[in-house]
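Colleague: Output the structure for:
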Amino acid sequence: MTSAHAAHPLDPVLKRIDENLADSLMRVFELVRIPSISTDPAYAASCREAGEWLVAELTELGFDASLRDTPGHPMVVAYHDGRKPDAPHVLFYGHYDVQPVDPLDLWDNDPFQPAVRDGADGAKIITGRGIADDKGQLMTFVEACRAYKEVHGDLPCKVTILFEGEEESGSGSLKPFLDANADELKADYALVCDTSMWDARTPAISTGLRGLVGEEITVQAADRDLHSGYFGGAAANPIHILSKILADMHDADGKVTIPNFYDGVEQTPKEILDQWESLGQTAETFLGEVGLAIPSGEKGRSVLELTWARPTAEVNGITGGYTGEGFKTVIPAKASAKVSFRLVGKQDPDAIRENFREFVRSRIPADCTVSFREHGGSPGIQLAYDSPVLQKAKEALSDEWPNPAVMIGMGGSIPVVGDFQTMLGMESVLVGFGLADDRIHSPNEKYALKSFHKGQRSWARILDALAEG
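Modeller: Below is the predicted model:
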């Protein structure tokens, strides 16, 4: 007769998380009740209160935690050693600040009085401003650490925690803080929770984030607005010039025509494309939600590839001439457009900007001029799909949820991920448990109770998997 296998050290941790669920809800309720609206100076004291609350919680768990002042809202920094000296050191990032609640009359309940309620589908949800973005998310990690400490007295690996208070207002203090404290904050990997699942049964790891370049261009023709009857047909019209330039940015197949635009863009591996195909997202289902059906990007690519893994050139706004009520027969002196580029892979934001400007200059008539105004730029982030740390996280998530974890892209950007990579030399593992209908930044924000509970279990599994080496 063989003896039964000894229980895995993770098993009692998961059991403790289950036992702690009611208490963990009370704790996240306390945090959500603090109206830490970072963009409104009237709530500065509340932002500090939220930071202090987190410092107290982490200190109680045995972290060396402190509140660090910045020119804006303070940072929470905390450290805890792990039981395995050779295990990776992780930096966990989240933010304790929240969006304003306006318009208040569209909330079903007080946004700062969280509660567990029945969702539209009958599943339990937690309501309140910031519960999904990002207080409930960051507390899933804190509660995973709590259960580990209560069961084993320590953590499986060394953990640093960084919670900021300005994410919802531009993270103005973050880069200077990272720069000033780079040696202190550097770890092997960053863990970022400000993301979502694919659906309520399928966890996701975000492996790519598109970067961004913003440009504003102004074409100047005559030295004043002109009467179209007197000058029409003879004088250059900057709206015509600008419209032609913008139209020239794409060919008939949807490809961007700016020279060298695709430098640094790599093709997505077939096995990843096949995985995305298996998710069942079609152009009709994706675009149908906004009243469209036909994808307009590069021909021959799925909507998920177009939004997750391909670069774009988009016109975000055009102004020029008379746009008021009624009609005015004028040839305007100038016309402007705002253009943005989403970048992927190793595209260079500076090169994209300069190539675009040269593309525009080459199309300006000799008697007209063009000026440019820069609106920021950041590179895209792409993690290796076969990265060992991503594979460990994927296996850990797949062990917890009904469906295996999928690796997805993100059409937008999370600036802190780029900062961690460029300033601290760290790859990020982006795992979150939000859902598409969580109404973040909107009235009636919610977070699935299942996400809060299984999110804690997921982080315990991930920490354990990373520590195993």
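Colleague: Can you get me a residue count around residue 468?
Modeller: 13 (other Cβ atoms under 10 Å). From N, CA and C alone the C-beta is placed, and that goes for glycine too.
Colleague: What confidence value was assigned to it?
Modeller: On pLDDT, residue 468 comes in at 87.
Colleague: cool, residue 208 as well?
Modeller: The predicted local confidence for residue 208 is 89.
Colleague: So in terms of bridging, what pairs with it?
Modeller: residue 382, residue 409 (DSSP bridges).
Colleague: Residue 92 now?
Modeller: Here residue 92, judged by DSSP bridges, has bridge partners residue 161, residue 191.
Colleague: Mind pulling up the pLDDT for it?
Modeller: 98.
Colleague: what's the offset of the helix ranked longest in the chain from the middle of its chain?
Modeller: Across the chain, the helix with the greatest residue count (assigned by DSSP state H) is helix 449-468. Put simply, helix 449-468 sits 20 Å off its chain's centre (Cα atoms, centre = their mean, to the nearest Å).
Colleague: cool, stretch 405-418 as well?
Modeller: Per Cα atoms, centre = their mean, the centroid offset for stretch 405-418 relative to its chain is 6 Å.
Colleague: Which strands or helices does the longest helix of the chain pack on?
Modeller: helix 10-19, helix 21-32, strand 124-127, helix 136-152, helix 388-400, strand 427-431 (3 or more Cβ pairs under 8 Å, 6 or more residues apart in numbering; DSSP states H and E).
Colleague: Mind listing what's buried along the first one?
Modeller: If you call a residue buried by 16 or more other Cβ atoms under 10 Å, then helix 10-19 has these buried ones: 10, 12, 13, 14, 16, 17.
Colleague: go on, the shortest one?
Modeller: By neighbour count, with 16+ other Cβ under 10 Å as the criterion, the buried positions of strand 124-127 are 125, 126, 127.
Colleague: Not counting residues beside it along the chain, what's closest to the residue most central in space within the chain?
Modeller: Centrality entry for the chain: nearest residue to the mean C-alpha point is residue 414, 3.8 Å, by Cα atoms, centre = their mean. Excluding the flanking residues, the one nearest residue 414 by Cβ to Cβ, 6 or more residues apart in numbering is residue 209, at 5.8 Å.
Colleague: residues touching that neighbour, list them.
Modeller: The contact partners of residue 209, by Cβ atoms under 8 Å, 6 or more residues apart in numbering, come to 380, 381, 382, 409, 410, 412, 413, 414, 417, 418, 430.
Colleague: count of neighbours near the fourth one?
Modeller: Here the number of neighbours of residue 409 (other Cβ under 10 Å) works out to 22.
Colleague: Now for residue 177, how many residues are close by?
Modeller: 23.
Colleague: which SS state does it fall under?
Modeller: Assigned with DSSP: H, G, I helix; E, B strand; the rest coil, residue 177 falls in the helix class.
Colleague: so it makes contact with residue 68?
Modeller: Yes - contact criterion Cβ atoms under 8 Å: residue 177 and residue 68 qualify, at 7.2 Å.
Colleague: Please enumerate the shared neighbours of the two.
Modeller: residue 75.
Colleague: what about the helix or strand in which residue 65 is found, distance to the chain center?
Modeller: Here residue 65, judged by DSSP states H and E, is contained in strand 64-68. Remark: strand 64-68 is offset 25 Å from the chain centroid, using Cα atoms, centre = their mean.
Colleague: ok, residues contacting it?
Modeller: 48, 51-52, 54-55, 58-59, 74-80, 161, 177, 181.
Colleague: So which of the residues you listed sit within helices?
Modeller: 48, 51, 52, 54, 55, 58, 59, 177.
Colleague: list the contacts for the nearest residue to residue 206 once chain neighbours are set aside?
Modeller: Distances taken as Cβ to Cβ, 6+ apart place residue 430 nearest to residue 206, at 3.8 Å, with adjacent residues excluded. Neighbouring residues of residue 430 by Cβ under 8 Å, 6+ apart: 192, 194, 195, 205, 206, 207, 209, 410, 414, 417.
Colleague: just those residues now: which is nearest residue 135?
Modeller: Checking those against residue 135 with Cβ to Cβ, the nearest one is residue 194 at 11.1 Å.
Colleague: would the closest one count as being in a strand?
Modeller: No - in this structure, residue 194 is coil, not part of a strand, as judged by three-state DSSP.
Colleague: That one: neighbouring residues, count only.
Modeller: Residue 194: 22 neighbours (other Cβ under 10 Å).
Colleague: was I right about it contacting residue 133?
Modeller: Yes - using Cβ under 8 Å, residue 194 is in contact with residue 133, at 7.1 Å.
Colleague: pLDDT score assigned to the residue nearest to the centre of the chain?
Modeller: For residue 414, pLDDT reads 82.
Colleague: What residue spans form the domains of this protein?
Modeller: Following automatic domain parsing, one finds the domains of the chain at 10-209+381-468, 211-265+311-378.
Colleague: Including distance to residue 275, could these go into TSV?
Modeller: Output for the domains of the chain, formatted as TSV (distance: least, Cβ to Cβ, whole Å):
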stretch	distance to residue 275
domain 10-209+381-468	6
domain 211-265+311-378	18
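Colleague: now, of those, which is deepest in the fold?
Modeller: Across the domains of the chain, averaging neighbours per residue (mean count of other Cβ atoms under 10 Å) puts domain 10-209+381-468 on top, at a mean of 19.
Colleague: where does this structure have low pLDDT?
Modeller: For the chain, the stretches with pLDDT under 70 are 1-6, 469.
Colleague: cutoff 50 now
Modeller: For the chain, residues meeting the criterion pLDDT under 50 lie at 1-4.
Colleague: For residue 363, which non-adjacent residue is closest in space?
Modeller: residue 245 (5.0 Å).
Colleague: That neighbour and residue 221: what is the separation?
Modeller: 13 Å (Cβ to Cβ, to the nearest Å).
Colleague: Show the contacting residues for residue 298.
Modeller: Per Cβ under 8 Å, 6+ apart, neighbours of residue 298: 253, 254, 255, 306, 310.
Colleague: Tell me the secondary structure of it, please.
Modeller: coil.
Colleague: With adjacent residues omitted, what lies nearest to residue 50?
Modeller: Counting by Cβ to Cβ, 6+ apart, the residue nearest residue 50 is residue 36, at 3.9 Å.
Colleague: got a list of what the one you found touches?
Modeller: Per Cβ under 8 Å, 6+ apart, neighbours of residue 36: 43, 46, 47, 49, 50, 96, 97, 98, 130, 165.
Colleague: For these, give me CSV that also has distance to residue 370.
Modeller: Shown next, in CSV, are the contacts of residue 36 (distance: Cβ to Cβ, whole Å):
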residue, distance to residue 370
43, 43
46, 46
47, 43
49, 50
50, 47
96, 44
97, 39
98, 41
130, 44
165, 41
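Colleague: Return the member of the residues you listed nearest to residue 327.
Modeller: Among those, and counting by Cβ to Cβ, the member closest to residue 327 is residue 98, at 45.9 Å.
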